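Peer 1: pasted the sequence and its predicted model underneath.
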Amino acid sequence: MAIDEFGREVPGSRGHHRRSPSPPRHRGDGTPSHLNEALPTSRYGRERDERPPGPGRKRKHRSESPLPRRKQSKAHPSTRYAEEPMLCQYLWKEANPDKGEKEYDDYRRGYCLNYVRTFFNEHMDDSWFRSLYSPLGTYRVALQAQDRMSQEAETFARELRESVGKNKAESDSCLFVLNARLGGGVKQASSYSSSPSKKNANGGNIVPSTHVFNTSAQVMQIQEVPPHVTDEQLTAALMSHCTIDAKSSQIVLHSSTPAQDLSRSCYLQAPGDVRKDIIQNLNHLGRTESNQNGAANKAHVPRKEDTYIPKTLELKVECSDAYGRLEMDADGKGTAPEEGGGVPARTAVVWVSTQPITPTVKVLSVAVSSKERIQQDKEAAIKLANAFDHKRDVPQDCRLEALLRMALPRLQGSDATLQDTEDALDVSIAYLRRVHLFSFYNGCVAASNISDVFNGNNAASTIHLRLANADDILQQTQNSANTTEQAGSPKVDLLVQRLNDAIENSLEESKSWDSAGPKYLVSSKIDSQAKDIEQDEARGEENWIKNHSLIDNDGRARCSFHFCRKLFKDITFLKKHLLKKHPEFLKAERAKCHDTYMMESWDKQEQRPVPPILVDCGRAFSTVPSPVLGAAEPMAADPEPELWKRQEERRKQDEEEKARRERNYDNHNQSNNDGGPPAALNQPLSEPRGPRQNGFVDVDDMQEEKVEMAFDDIEVQVQPPKKKKKKKKLL
């Protein structure tokens, strides 16, 4: 089959690329390596035990029990993209004795380049991969984050207005401000907080409700999502278990950054009745499947146990094709593919969590919690919030500057108190976290998406409270230092210094955001490329409709798909038919417009999300993982020389340790003897030293010992005669 400029097979089944062949393991007539068995490389799963299950749960006899299954080790993730491990230089030269180091470097370069391209071909249709490397995918993710930010800012402003409207006395703070205060943190003892059996994970501290996201109560977590499951497939699988009609605008799926094994967590944002209906249907489906294993065809009687909902529910997702195709378009014009060229069936299992999402609460250190920092921290937080609002075009009535004037009218006046300043700081920190996903006390960093915050992989996942009695502790520490008369200037706390540096760096970076000029959602380059891809998709749609239309002489149009062949009055009705009945093929055609831009971004990245390759280092070390690094020429280091070097160093250390122990033993014996050293120690080490003088007994060294026994002086005591018992006469 033909291969394009990226090394991929075209134009066959997109999304089901076969792995490109790995570089040959042995070049020339060399001696094969000790790893002769090929590693498993099947994409759609390996052969499993297909023994039919038994007729029931109970076994009649122990002899009918199945044999215990051998535990199979989990295959390395690199076996999915490479047929064989890469050979180390020593094994490669054994197979190619007439070649040098330059040829081995070419072999390594070709292996790593093929490995990286195979990974690209395998995941180029995955939604998480497109969000990272496709300009249009990145633009759409940023647009989704912008919509979430606008909704959260409007909710933040609405909650504040409602709380201020309900406040009776103007001198008192409203409930919204009271719930934003962070100054009541209490640290528990280390033994209490480190115990995993304690129910309260926040150490008794109450979560301030103003700092909690509005979407926290509207999302449902889906865990352990495989990389080949797209966001569209996951959303369709969830909504298939919903019996309530919901608008598509109300259903939003947030996907987190993939982990090292490429699995990720997703969060479905939907109305409360929709989420409740999905959970109930999944719970009922799981109970129905479990009841089928017991007594069959009995009427289900509702019981009290049916109201129990477990913490996680199983959900099966159909993921045969990334675009939902059931058939393949062999030539791009609706022709039937070759025999056996359809889409193979594939399903995945994910887990839906029924637990609410609650943030983690931690207490800051004593030095960071001091009230002396309140004023400077408040000014820094307000500057950062204003810079973020200007950069991301937050509506004027929802910006922090306008909200502070509404919540704390005395803040700008001369009658402002220290409590007003502290409340302004706490409200600003809550605004930065909820609207801009920014953590003020934990490194001054912002999260790229809200899924990472929910998943706990970002600094904004934690809400930090200030220690309640921080000033008293600092005063006691200062008094104790004065009594001991410690000389020198007071030391700056390390945590305080880190926080000051983080705030300074963030303020310096935010100065560039205030510069006048055109604003971009991601960047000027990404936004421009996203528009170009949209134009290419529009042109590709027109060509796709022409290629799948058959026009008769009388002007009627027929669908060219081999499984459809419907006839319509003219091309207008056929166009509606193609867009409505076969949209999955159009999606696959549009996806081809992203390939050039994705490959360009992929080739420029130094560290790609590829698993490390396996390097065959011989019998001594077996296969060792090695990361693939580099942009233009990806390369993996040969770990075998370094492993031998470490082993030699370890062997030398063992020999030195053994010699040191022998010297200490000799010196100890010489110091305990008045004369010279014992004769046994003067013998060479290779000769036997004779029997040991300690209490050790060798059980394998059997020796015969003669024991002489004398009975001359032994006195044997004679027992007295027994008395005769009289027999009783019977009456």
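Peer 2: Perfect, thanks for sending it. Numbers count the residues shown, from 1 in each chain.
Peer 1: show me what contacts Val141?
Peer 2: By CB atoms under 8 Å, 6 or more residues apart in numbering, the residues touching Val141 are 131, 449. For glycine as for every other residue, the C-beta is placed from the backbone atoms N, C-alpha and C.
Peer 1: pLDDT at it, what is it?
Peer 2: We have a pLDDT of 93 for Val141.
Peer 1: and what of Ser249?
Peer 2: 83.
Peer 1: could I get the phi/psi values of it?
Peer 2: phi -70, psi -20 (degrees, to the nearest 10).
Peer 1: can you confirm Ala348 is in a helix?
Peer 2: No. With DSSP: H, G, I helix; E, B strand; the rest coil as the criterion, Ala348 is assigned strand and is not in a helix.
Peer 1: what about Asn455, how many neighbours?
Peer 2: 22 (other CB atoms under 10 Å).
Peer 1: quick check: pLDDT value at the residue nearest to Phe438 when sequence neighbours are not counted.
Peer 2: Ranked by CB to CB, 6 or more residues apart in numbering and with sequence neighbours excluded, the top spatial neighbour of Phe438 is Leu432, at 4.1 Å. Per-residue confidence (pLDDT) for Leu432: 95.
Peer 1: Leu432 belongs to a helix?
Peer 2: Yes. With three-state DSSP as the criterion, Leu432 is part of a helix.
Peer 1: so it touches Lys383, yeah?
Peer 2: No. Here Leu432 does not reach Lys383: they are 11.0 Å apart, not a contact under CB atoms under 8 Å.
Peer 1: if we can go back for a sec, where's the residue nearest to Phe438 relative to Val274, distance?
Peer 2: Using CB to CB, to the nearest Å, Leu432 is found at 30 Å from Val274.
Peer 1: so for the residue most central in space within the chain, what's the pLDDT?
Peer 2: Centroid-nearest residue in the chain, with CA atoms, centre = their mean: Ala259, separated by 2.8 Å. We have a pLDDT of 90 for Ala259.
Peer 1: same thing with the one 4 residues further on?
Peer 2: In this model, Ser263 is scored at 92, pLDDT.
Peer 1: also the one 3 residues further on?
Peer 2: Note on Cys266: pLDDT of 94.
Peer 1: the more surrounded of Leu432 and Lys383?
Peer 2: Leu432 (23 against 16).
Peer 1: could you pull up phi and psi at the residue nearest to Val610 when sequence neighbours are not counted?
Peer 2: Take Val610 and drop its neighbours on the chain: the residue closest to it by CB to CB, 6+ apart is Phe119, 4.9 Å away. The phi and psi values for Phe119, taken as degrees, to the nearest 10, are phi -60, psi -40.
Peer 1: Phe119 touches Ile613, doesn't it?
Peer 2: No. With contact defined as CB under 8 Å, Phe119 does not count as touching Ile613 (10.4 Å).
Peer 1: the closest residue to Ser622 other than its chain neighbours - how many residues pack around it?
Peer 2: Using CB to CB, 6+ apart and skipping residues adjacent in sequence, the residue nearest Ser622 is Asp616, 7.8 Å away. For Asp616, the neighbour count with other CB under 10 Å is 22.
Peer 1: please apply the same query to Ile382.
Peer 2: Neighbours of Ile382 (other CB under 10 Å): 19.
Peer 1: got it, and Leu136?
Peer 2: Count around Leu136 with other CB under 10 Å applied: 23.
Peer 1: mind listing residues that contact stretch 576-587?
Peer 2: Under CB under 8 Å, 6+ apart, the answer for stretch 576-587 is 321, 323-325, 329, 541, 544-545, 548-549, 559, 561, 564, 566, 568.
Peer 1: likewise stretch 258-265?
Peer 2: 77, 123, 128, 221-227, 255-257, 451, 454-455, 609, 611.
Peer 1: buried members of these into PyMOL, please.
Peer 2: To isolate the buried members of the contacts of stretch 258-265 in PyMOL, using 16 or more other CB atoms under 10 Å:
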select buried, resi 77+123+128+221+222+225+227+255+256+257+451+454+455+609+611
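Peer 1: just the ones of the contacts of stretch 258-265 in strands?
Peer 2: Members of the contacts of stretch 258-265 lying in strands (criterion: DSSP state E): 221-225, 255.
Peer 1: in stretch 610-619, which residues are buried?
Peer 2: Buried, per 16+ other CB under 10 Å, within stretch 610-619: 610-611, 613-618.
Peer 1: is Ala75 in a helix, a strand, or coil?
Peer 2: Applying three-state DSSP: Ala75 is coil.
Peer 1: now it: how far from Phe120?
Peer 2: On the measure of CB to CB, Ala75 and Phe120 end up 21 Å apart.
Peer 1: quick one, which of these two is more surrounded?
Peer 2: Between Ala75 and Phe120, Phe120 has the larger neighbour count (other CB under 10 Å), namely 23 against 12.
Peer 1: my read: the more buried one touches Trp602, true?
Peer 2: Yes. Phe120 is within contact range of Trp602, at 5.6 Å (criterion: CB under 8 Å).
Peer 1: pLDDT at the nearest residue to Trp544 once chain neighbours are set aside, what is it?
Peer 2: Spatial nearest neighbour of Trp544, chain neighbours left out: Glu589 (4.7 Å); criterion: CB to CB, 6+ apart. Residue-level confidence at Glu589 comes out at 93, pLDDT.
Peer 1: how about the contacts made by Glu589?
Peer 2: 332, 540-541, 544.
Peer 1: filter those down to the buried ones, ChimeraX style.
Peer 2: Filtering these down to the buried ones (16+ other CB under 10 Å) takes a single ChimeraX command:
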select :332,540,541,544
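Peer 1: the closest residue to Leu268 other than its chain neighbours and Ala145: what is the separation?
Peer 2: Spatial nearest neighbour of Leu268, excluding adjacent residues (CB to CB, 6+ apart): Met220 at 4.7 Å. Separation of Met220 from Ala145 (CB to CB): 19 Å.
Peer 1: neighbour-wise, which of these two wins?
Peer 2: Shown here are Met220 and Ala145; by other CB under 10 Å, Met220 has more neighbours (22 against 18).
Peer 1: shaky segments in the stretch 501-650 of the chain?
Peer 2: 514-518 (pLDDT under 70).
Peer 1: so where do the helices sit in it?
Peer 2: 524-547, 571-581, 583-591, 595-603, 618-621, 640-672 (DSSP state H, counting those that start in this stretch).
Peer 1: let me know which of the ones you listed is tucked in deepest.
Peer 2: helix 583-591 (a mean of 18; mean count of other CB atoms under 10 Å).
Peer 1: could I get the CA-only coordinates of that one as PDB?
Peer 2: The C-alpha coordinates for helix 583-591 follow below in PDB (Å, rounded to 0.1, in the frame of the first residue of the first chain):
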ATOM      1  CA  PRO A 583     -21.400  12.400   9.200                       C
ATOM      2  CA  GLU A 584     -18.700  10.100  10.600                       C
ATOM      3  CA  PHE A 585     -17.000   9.800   7.200                       C
ATOM      4  CA  LEU A 586     -17.000  13.500   6.800                       C
ATOM      5  CA  LYS A 587     -15.400  13.800  10.300                       C
ATOM      6  CA  ALA A 588     -12.600  11.500   9.200                       C
ATOM      7  CA  GLU A 589     -12.100  13.500   6.000                       C
ATOM      8  CA  ARG A 590     -11.900  16.700   8.000                       C
ATOM      9  CA  ALA A 591      -9.300  15.200  10.300                       C
END
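Peer 1: tell me the spacing between Thr360 and Ser263.
Peer 2: For Thr360 relative to Ser263 (CB to CB), the value is 22 Å.
Peer 1: tell me which of these two has more neighbours.
Peer 2: Ser263 (16 against 12).
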